Structures are given as structure tokens and as C-alpha cells.
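>>> Sequence first, predicted model second:
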There are 2 protein chains.
Amino acid sequence: MSQHRPPGAPERSVAVPALPDLPEATVARLPEYLRALHNLAENGHETVSSEWLATAAGVNSAKLRKDLSHLGSYGTRGVGYDVALLIDQIEYVLGLTQRRTVALVGVGNLGHALAGYDGFATRGFRIAALFDADPVRVGEEINGLVVRHVDELSRVATEESIAIGVIATPAAAAQRVADRLVAGGVTSILNFAPCVLTVPDGVDVRKVDLAVELQILSFHEHRKASLTALPAAGEATLTPLPGSLAATDPQEAIGT
Amino acid sequence: MSQHRPPGAPERSVAVPALPDLPEATVARLPEYLRALHNLAENGHETVSSEWLATAAGVNSAKLRKDLSHLGSYGTRGVGYDVALLIDQIEYVLGLTQRRTVALVGVGNLGHALAGYDGFATRGFRIAALFDADPVRVGEEINGLVVRHVDELSRVATEESIAIGVIATPAAAAQRVADRLVAGGVTSILNFAPCVLTVPDGVDVRKVDLAVELQILSFHEHRKASLTALPAAGEATLTPLPGSLAATDPQEAIGT
DNA sequence: AAGCGCTTGTGAAGACACGCACAAATCGCG
DNA sequence: CGCGATTTGTGCGTGTCTTCACAAGCGCTT
């Protein structure tokens, strides 16, 4: 991480003493702000206005200011935000001032790609171990890491102080993998398997399901299609229009 | 999709006439319900209670009932929901009664994995075309599809009636790809590139950033660590504790 | 046919998030 | 030194989402 120290600042730490408890919605946006800020820093910008940063992050400027205000006041009225300082603050709050180690379980189609994804390394994470249940895959070397058998998962997780476990296995294996991660002391899990995991209190799970994203888009496609089929019927849902109901969108007819 | 027809139902269509406008939060959960329902159907269950289904989907049962109530009343009091009927209803609302075609742009690390991901095909989507800008990759065959040059994107998207475009390129190329998708008539985009896309009104974009998910988990790790380090200091944020600020969490020390 | 247990569907209240609009603060310039 | 231009930080109204709690409805049993 960037070890920024403002030029004239005294060495007495002015960092937030303990973590403010941020709204979850704010936390989810901070990484996006951080990415935009790194872009700005690379282009040599030293300060940035909320308007500019908000546009770069794709959000409303008032929302951005409110989000940042939760971390404390690090902007200057009439000027804007100090890019480097803000980067440090967000990275501190997100816990990125220490590089977190990641264990990746399941090096199939998706897992293989994740293992080779350089976006992790460049944003503060280090994949420290790979696991798979398939004996054929165990021993394979990917990006300088040797795939180990999943039976070693708990032990290695403890030894290597794994902070985050990434599950990229088939759904049927995911719960067992999660159990082993928890047994190894892991308290944060990113789950790519299409299933619900049950974990003890204190363990955070985030789920990413690629097909779900497509299905949500599909809904909006469907909605848009049904609107264009009924150009003048924005509110038609509540007005029966008795004769023509079944014909509103021919391509969608089911059953009948 | 499954052309379910309840045994005693008349052939007069009882499907919802036009699409109800669902809360966005509900739409995002429907795919999860759908997955759980398919699991139940495979195991031979014909009906399911909201309590059961909610648990399988990892949500509150009241929330589940309210979500489903937005689609209309398809449950039976005292009994539960008809699994097959509910599957049909959700698939209809999500627009999965017709198989949607997907174009995948960028067959690098991640794109390659997505091209081979069978979760798309099993959930109503068909990857119809692959594109890349790298001449070395053009012509390569992946899963029976030949990679085409991105210059053909707009034309092919129109010809093949692509419904959804998936961007798995580096961030620098993503906006140009989005423009070409839009030019080809695509109105739904799933963006894996870490950047904000600007698109015309009427085009939906969903963004998935794998590193962002890890950063959110990192925040919670950080928070948990700072809590265990200060077991009795839940409200310490506002009480300065002058002397010991920098020492609250040694491993997090930055700068100084 | 009536009663009982079970489950859905929903009204209402609380919690959360959003965005406007403006006061407060800072810088630069005359 | 004062004033205007600019931009942050935030109070407040609005809308959305969540959750509780219960009435209404259904089927089974007697």
C-alpha cells in the first residue's frame, strides 16, 4: 500500500482511532471510490472535487460526500479532497493496509481463472494457497502455486493465517469446504458456488452467482420487451382491457 | 423451459397479463428462489412452505412471502406453494421462457472461464458468440465456438439478435466494447471490467467486480479484528483515549 | 358439517437509504 | 482586509426495504 505521509503533518497519528461503523451500502461503494482515486493519482491529480469523483465512480455527488463524511472530514471546503490522503483513509478503513492472504478452493473452470486473475494482487490480496478435491489436479502448478488436496485445507489455513477463503467448487462440495475453512479459522468467505452456506456467527459470507446476474438482466429485457409491445400502456397492469390480455406479448405465451 | 400445466386447469390462460413492476430487491432474490425450487423439484417435492423455501434460499420467510405475493397469489393457505407452478411463474417473470442469447467479449483469463461455464446453459442462456481484440486469439475454438474479431461485434450482435453482452476485457477496452454492443442493439450488459460504463437510457448495466467483493470482506475482517483487540470499547470512536490511540491495533499501524 | 391446526397474504411500523438544498468554511483576488 | 466564488458537510423530507404480527383461508379429522 502507499505509505502516504502529508508533507507538513506531525508524526502524531491523526488516523481514526477505532473503526466508525459504516452503513453497509457505504462500505460497498468505498472500493469503487478507491479505484477511481487510484486512476486520478496515476494521472497526477492531487485534489479532486466530490462532483468529479462521483462521476468517475458512477454515483450522485451528495451520496459520495455523505459516504466520505462517515470516515471523518478529510475534504477542504472550496477545494475538494486530497487524493493521496483519501486513498490512505479508505484503504485504512477497508483494512487494506495489510495485505490479506486468500485461499482458493476449487481450480476447475472458474477457479483456474481466478487463480490467474491479477486484479487480486494489484488490489491488496495475495493468493497463498490453492486446493482441489480431484487427485488429478492436485500437484498441478498454477502461477507458481502448487494445488494441494482439500484434506489439507484446515491445517494450511491455520498455518498460513488465511484471512479469506474463496469457494469455486461445484455446489455439492461447497458446504464441506466452508466447514473446513471455518475449522481452519477463516472468518470471511467468498462463495461462487450456487448454494446457500450455513456458517457460525461471526463468519461473513458473500455470494457471487454469475447466472443470477444474467437472470436479473433477463428480467429487465423481458420488462422492456413487454413495454415496447404495449407502447401506450404504461399503467396497463391495473386496467384490464378485457379482450386483448393474452395477446400483449405473443413471444412470451406459455401454456395456454 | 418447462411447459407446466396443472392437471385440472382449464386451457384459458391464467398467467399474469402484463408484468407487475417488482421492487428491484425482489427481482434480485427471485433467481435464488428459483434455484432452490429446482432443487426441491429434483428431489420430488410437489409443495413447499414459505418457511422451508426461505431457509433454502437463505432469507426470512416473511420476506419470501412478500416477494412472491408481488407475482400474484400462487400459494395455498395451510398447504404451501406448488413447486412446479411457482417455478413456471418465476421463470415467466424473469423472462426465462425464451432462451436468451449471450455474446461474450474478451476471452482472456476470466472470459475463457466464462465461455466454458456450464451454469449459463443450464439456466436458460446460450452463449452465441465470442469476441476478442487480440488477433492471436481470433480463430481459436472454445467449446465449439470460434472467437471472432471485435470489429464484427456490432454486425454479429444485430444478426444473431444478441440479448445480453458480457464484457470480460481489460478496463481500458470496456467502454469501446459497450459502445459497439449498444450499436448492435444490445440493451443489457454484464460488466466484469473494473470501470464505470456510460450507456444511453434504456440500456441496463450490471457490474461484477471480483476484487470489490474481497475488499468488502476485508473491511469486515478489519472491523472484527479491531473489536477483538478492544473487547470493551464498542463506543470508543467518540472517546479519544489520548495516549494510546496508535496502539489500539498494532498490526494496522500505517505511516508513522 | 363443524372445528381445529396450519400456512399464506398483508397492514403497519420501524429501519435504512437517497437526494435536495443550503449553511459553513476555505481560497484567491482586488 | 474584505468579498465573492467555490465546494464541503449535513439537516430534512421522501421513498424503499424489512420485519413483525395477525387476520383470512384452506384442508383434514371427527
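That came through fine.
>>> do the longest strand along chain A and chain B meet?
Criterion DSSP state E: the longest strand present in chain A is strand A:125-132. Yes: using C-beta under 8 Å from any C-beta of the partner chain, we find that strand A:125-132 touches chain B at A:Phe125. No exception for glycine: its C-beta is placed from N, CA and C like everyone else's.
>>> Paired strands for that strand, with orientation please.
Applying DSSP bridges, strand A:125-132 is found paired with strand A:100-105 (parallel), strand A:145-149 (parallel).
>>> Only the buried residues of that strand, if you could.
Within strand A:125-132, the residues that count as buried by 16 or more other C-beta atoms under 10 Å in any protein chain shown are A:Phe125, A:Ile127, A:Ala128, A:Ala129, A:Leu130, A:Phe131, A:Asp132.
>>> Below-threshold pLDDT in the stretch 151-256 of chain A: ranges please.
For the stretch 151-256 of chain A, the stretches with pLDDT under 70 are A:229-256.
>>> count of residues packed around A:Thr122?
Using other C-beta atoms under 10 Å in any protein chain shown, A:Thr122 has 11 neighbouring residues.
>>> before we move on, back to that, what are the C-alpha coordinates of the longest strand of chain A, in PDB please?
What follows is strand A:125-132, C-alpha atoms only, in PDB (Å, rounded to 0.1, in the frame of the first residue of the first chain):
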ATOM      1  CA  PHE A 125      -4.700  -9.500  -1.900                       C
ATOM      2  CA  ARG A 126      -2.300 -12.400  -2.200                       C
ATOM      3  CA  ILE A 127      -3.500 -15.900  -3.100                       C
ATOM      4  CA  ALA A 128      -1.500 -18.000  -0.800                       C
ATOM      5  CA  ALA A 129      -2.800 -21.500  -1.400                       C
ATOM      6  CA  LEU A 130      -4.900 -23.500  -3.900                       C
ATOM      7  CA  PHE A 131      -6.900 -26.600  -3.200                       C
ATOM      8  CA  ASP A 132      -8.900 -29.100  -5.100                       C
END
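>>> Without its sequence neighbours, what residue ends up closest to A:Val212?
Computed as C-beta to C-beta, 6 or more residues apart in numbering or on different chains, the closest residue to A:Val212 that is not its neighbour in sequence is B:Pro31, at 4.2 Å.
>>> Hmm, A:Gly75 and A:Ser50 touching each other?
Yes: at 7.3 Å, A:Ser50 counts as touching A:Gly75 under the criterion of C-beta atoms under 8 Å.
>>> anything in contact with each of those two?
By C-beta atoms under 8 Å, 6 or more residues apart in numbering or on different chains, A:Ser50 and A:Gly75 have these common neighbours: A:Arg65, A:Leu68, A:Tyr81.
>>> where does the stretch 1-150 of chain A come near DNA strand D, residue by residue?
A:48-51, A:61-62, A:65-66, A:68-69, A:73-81 (C-beta under 7 Å from any atom of the strand).
>>> Tell me the helices and strands packed up against the helix or strand the residue nearest to A:Val212 falls within.
Remark: B:Pro31 resides in helix B:24-42, with elements defined by DSSP states H and E. Counting contacts by 3 or more C-beta pairs under 8 Å, 6 or more residues apart in numbering or on different chains; DSSP states H and E, helix B:24-42 is packed against helix A:210-229, helix B:50-57, helix B:61-70, helix B:83-93.
>>> Would you mind pulling the contact partners of that helix?
A:194-196, A:209, A:211-212, A:215-216, A:219, B:22, B:48, B:53, B:56-59, B:63-64, B:66-68, B:70, B:83-84, B:86-87, B:90-91, B:93-94.
>>> Which single residue of the stretch 101-250 of chain A ends up nearest DNA strand D?
With C-beta to the nearest atom of the strand, the shortest gap between the stretch 101-250 of chain A and DNA strand D falls at A:Ile216, namely 12.5 Å.
>>> For that residue, which residues are in contact?
B:Val27, B:Ala28, B:Pro31, B:Arg206.
>>> so what's the first one scoring on pLDDT?
Spelled out, that is B:Val27. On pLDDT, B:Val27 comes in at 98.
>>> what's the burial count for it?
Neighbours of B:Val27 (other C-beta under 10 Å): 19.
>>> I'd assumed B:Val203 was in contact with A:Lys224.
No: if you go by C-beta under 8 Å, A:Lys224 and B:Val203 don't touch, sitting 9.6 Å apart.
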